[in-house]
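# Fold the following.
(chains A and B)
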Amino acid sequence: MRDASFAQKFWSALLAFAVFVALWQAVVVIFKMHPITLPSPARVLRSMWDERDALIEGFLATGAASLLGLLASVLVGVVIAIIFSQSKWLRSAFYPYVIFLQTVPIVAIAPLLITWFGYGFKTVVLVAAIISLFPIVSNVTAGLISVDENLKDLFRLSNATRWQTLTKLRIPHAVSHLVLGLRISAGLAVIGAIVGEFFVGNGSSGYAGLGTVMTGWQNLAKTDAIIAAIFVSTWLGLLMLGGVNLLSRMLLWRWTASSGFENE
Amino acid sequence: MLDNLSLEVAEAEIVALLGPSGCGKSTLLRMIAELLKPTSGTIEFSGQSAEQASTFLSYVFQDPTLLPWRTVEENVRLPLELGSPSRMDRKNFQTSGGSENSDWETRTQELLSSVGLDAASRRRYPRELSGGMRMRTSLARALVTDPRILLLDEPFAALDDLLRTRLNELLLDLWEQRKRTIVFVTHNIAEAVYLSHRMALLGNGKIARLITNTLPWPRTQQMRASAEFATLYSQVSAGIAEVSPHA
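Alright, predicted model coming up:
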C-alpha cells in the first residue's frame, strides 16, 4: 500500500518533470531562442558535464555552508526559545527583535557582514544562519509554551521543579515543533548560503560555492552553466529536506505514526 | 462561582460530586487539589493546609493526560521522578534497603498489575493503547505515590458503558486494597450511586443536598438491579433536577 503510493508519487513527479523539459525544448525551438537567453535542455546537460568539477566543488562548499548555518541556527534558536519559554516578560521584551531578523532584508545587512567577517566561508555561513534562525525560534518557542494545561497541572501537582518541567515536559513536547521549523529552515539555509555567496562573489578569497561560480558565469554569459548550477542548488535543497525528514522520523517515531503530510 | 460552601470528607470515604453542568463541581475539585485558590476560605487536610498536604494528593483528569513520548510504565513512574528531593523524604516511601530506583521499579510494576496492565502493554506508547488501557495507566500513575486522597474529575466520561462499568469495579478494588479517601466528579448518576458513601449535589455555588448512600459494602454488580439502588438513583436524579436551571 505504502510502496505503491510511493512509486505512484515518484512516477508522477518524474512525468511532470518530463513535461516541463519538453515544453522548455519546444520554446527554444519555436521561438529560436539564442543560447545566451535560453539554452536548450541538452545544452544545459552538456554544460553540467563540462563544468562538473566546478559544480561538485560548489555543491560541497554551499552544502557545507548551509549545513553549518542550519546547525548554528538550531543551536542558537533552541537556546533563545528556551529562554523565551521561561518568562512572559522576556518574550514580550525580546521577541520583537527576533521578528526583526525575519523582516530585515538579508540583502541589506550582507555588505555589513562582509565588512565584519570578510569575503569568505564565514560570512556565507552567517547569512545562512541568520536567514534560517527565525522559523526555529518561533516554532520551538511555540512548542515549549503550548503544552496541554492538564499536563502542566499534573506537573504542578507533583511539585515538579522548573527544571523538571522544562526537561521532562516542555522540551520533549517541542521536539515535533523543532522538526517543523527545521523543514522550513533547511530550504532557507540553502537560499541564505547562495545569497551570501552572491555577495562574497568569486573574488580572490578562493571560496567557490554555487553562488560564487554562478556570479562568475554570469559575467561570462554562460547561461547554460548557470541553469545547470540552478539544478544543482535545487538538488542540494531537496537533499537537505530529505535529511530533515529522515531526522524527523528518527526523532518522532515514538509518538507519531507518520512524520508529516509530505513525507515522500 | 462557589459561595459559602462547606464539605467535610472523612478518611477512607468516597464522595461523589454531582450537579448540572457549570455548577462548579470541577472548580471545587481543582480547589481541593490547590490548582485553584479560593478567594476566601480554607481547605484543610486533617488540620494541615493544602500546601503541607499536597504530597498526599493525586488527581485524575478526564483525559488520561499521558506523555506521548513515554511508555506506559515510564508514564506511571513519572510522579516518582518529579518533585524536589526534600519532598521525597520517605514519608510515603518507607523502604528497607534497596536503591531508590529498584524501589520505584517495584512500585510501578505492582501498580501496573493491580490496574490490570500486562507485561506486553507496559512497554507500549499511549498511541498504541485503547481508551480503557490509557485510563488504567492514568489511574496507576495517580496511585504510584500512594496518595492519601485521590481526586477524580469525570474520569470515565469518555468511555463506553461496558468499559465504564469495568473501571468502576477496578476503582472499588483499588479502594478495598488501600482504603484511601476518594472525591470524584461525575455526570453519571448510576456511577455515583454505585461507588460512593455520600453524594454531594452542587447547585448555585453551594452543596444543595448531601445524600448518604445506604447501599451495603462491599458493592456487587447485582446491587445495580436492586430496589434500593433504584430509589437512590431517583432521589439523586430529582435532587439534580431541583437545582438545575430550567433548560
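# A:Arg183: how many residues sit nearby?
By the criterion of other C-beta atoms under 10 Å in any protein chain shown, A:Arg183 has 19 neighbours. For glycine as for every other residue, the C-beta is placed from the backbone atoms N, C-alpha and C.
# can you tell me which residues contact it?
A:241, A:244-245, A:248, A:260 (C-beta atoms under 8 Å, 6 or more residues apart in numbering or on different chains).
# Nearest residue to B:Asp244 in space, please, no chain neighbours.
Wrong residue type there; residue B:244 is Ser, not Asp. Using C-beta to C-beta, 6 or more residues apart in numbering or on different chains and skipping the chain neighbours, the partner closest in space to B:Ser244 is B:Pro20 (4.2 Å).
# Next SSE downstream of the least confident helix or strand in chain B by mean pLDDT?
Within chain B, no helix or strand scores below helix B:50-53, which has a mean of 57 by mean pLDDT, DSSP states H and E. As assigned by DSSP states H and E, the chain's next helix or strand after helix B:50-53 is strand B:57-60.
# Counting by contacts, list what that following strand packs against.
Contacts defined by 3 or more C-beta pairs under 8 Å, 6 or more residues apart in numbering or on different chains; DSSP states H and E place strand B:57-60 against helix A:149-157, helix B:131-143, strand B:149-153.
# can you list contacts of the helix or strand following the last one?
Downstream of strand B:149-153, the next assigned helix or strand under DSSP H and E is helix B:161-178. Contacts of helix B:161-178 with the rest of the structure, by C-beta under 8 Å, 6+ apart, involve B:14, B:114-116, B:131-132, B:135-136, B:139, B:143, B:146, B:152, B:155-156, B:159, B:182, B:188, B:191, B:194-195, B:218-219, B:221.
# Can I have the buried ones of these as a PyMOL selection?
Filtering those down to the buried ones (16 or more other C-beta atoms under 10 Å in any protein chain shown) takes a single PyMOL command:
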select buried, chain B and resi 14+114+115+116+132+135+136+139+143+152+155+156+159+182+188+191+194+195+219
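# how close does the closest residue to B:Leu5 other than its chain neighbours sit to chain A?
In this structure, B:Leu5 finds its nearest non-sequential neighbour in B:Lys206, 5.4 Å apart by C-beta to C-beta, 6+ apart. Here the criterion is C-beta to the nearest C-beta, to the nearest Å. By it, B:Lys206 lies 25 Å from chain A.
# Have a look at the contacts of A:Arg183 and tell me the least confident one.
Least confident of those in the model: A:Gly260, at 40.
# Show me which residues of the stretch 1-150 of chain A are close to chain B?
A:148, A:150 (C-beta under 8 Å from any C-beta of the partner chain).
# Show me where the stretch 1-150 of chain A dips below the pLDDT cut-off.
The stretch 1-150 of chain A contains residues with pLDDT under 70 at A:1-4.
# By proximity to chain B, which residue of it wins?
Nearest to chain B, among the residues of the stretch 1-150 of chain A, is A:Asn150, at 4.4 Å (C-beta to the nearest C-beta).
# Give me the neighbour count for that residue.
The tally of other residues near A:Asn150 (other C-beta under 10 Å) stands at 16.
# my read: it touches B:Val60, true?
No. Judged on C-beta atoms under 8 Å, A:Asn150 makes no contact with B:Val60 at a distance of 10.3 Å.
# show me what contacts B:Ser114?
B:140, B:173-174, B:177.
# make it 7 Å
Contact analysis of B:Ser114 by C-beta atoms under 7 Å, 6 or more residues apart in numbering or on different chains lists B:Leu174.
# How about the one 10 residues further on?
Contacts for B:Arg124 were tallied using C-beta under 7 Å, 6+ apart; they are B:71-72.
# Any chance of the backbone angles for it?
phi -90, psi 160 (degrees, to the nearest 10).
# And the pLDDT at it?
pLDDT for B:Arg124: 88.
# ok, it to B:Val72 distance?
B:Arg124 is 6 Å from B:Val72, where distance means C-beta to C-beta, to the nearest Å.
# Same question for B:Leu143.
The value you get for B:Leu143 to B:Val72, if C-beta to C-beta is used, is 14 Å.
# any chance you could map the helices in chain B?
B:25-32, B:50-53, B:72-81, B:100-114, B:119-122, B:131-143, B:161-178, B:189-195, B:227-243 (DSSP state H).
# Confidence-wise, which of those helices is weakest overall?
helix B:50-53 (a mean of 57).
# Now the spatially most central residue of chain B. Nearest residue, chain neighbours left out?
By C-alpha atoms, centre = their mean, chain B has its centre lying nearest to B:Leu152, at 3.0 Å. Take B:Leu152 and drop its neighbours on the chain: the residue closest to it by C-beta to C-beta, 6+ apart is B:Phe184, 3.9 Å away.
# contacting residues around the one you found?
Counting by C-beta under 7 Å, 6+ apart, B:Phe184 has contacts B:16-17, B:152, B:155.
# of all the residues in the stretch 151-264 of chain A, which ones are close to chain B?
A:151, A:153-161, A:164, A:172, A:254-255 (C-beta under 7 Å from any C-beta of the partner chain).
# Just give me the closest of these to B:Ser6.
B:Ser6 lies nearest to A:Leu157 out of those, by C-beta to C-beta, at 23.8 Å.
# nearest spatial neighbour of the closest one, skipping sequence neighbours?
B:Tyr59 (5.3 Å).
# Just give the number of residues close to A:Thr161.
Residues near A:Thr161, counting by other C-beta under 10 Å: 15.
# correction: A:Val19
Close neighbours of A:Val19, defined as other C-beta under 10 Å, add up to 10.
# Could you do B:Val185 as well?
Once other C-beta under 10 Å is used to define contacts, B:Val185 is seen to have 24 neighbours.
# cool, the one 5 residues further on as well?
Summarising burial for B:Ala190: neighbours were counted as other C-beta under 10 Å, giving 17.
# show me the residues around it that make contact.
Going by C-beta under 7 Å, 6+ apart, the list of residues near B:Ala190 reads B:224, B:233.
# pretty sure A:Leu126 is touching A:Gly118, no?
No. Using C-beta atoms under 7 Å, A:Leu126 makes no contact with A:Gly118, being 10.7 Å away.
# More neighbours: which of those two?
A:Leu126 (23 against 13).
# SS state for the more buried one?
helix (DSSP: H, G, I helix; E, B strand; the rest coil).
# Nearest spatial neighbour of it, chain-adjacent residues omitted?
A:Leu113 (5.7 Å).
# do A:Leu180 as well
Sequence neighbours aside, A:Asn139 is the residue nearest to A:Leu180 in space, at 5.2 Å (criterion: C-beta to C-beta, 6+ apart).
# Shouldn't the one you found be within a helix?
Yes. Counting by three-state DSSP, A:Asn139 is found in a helix.
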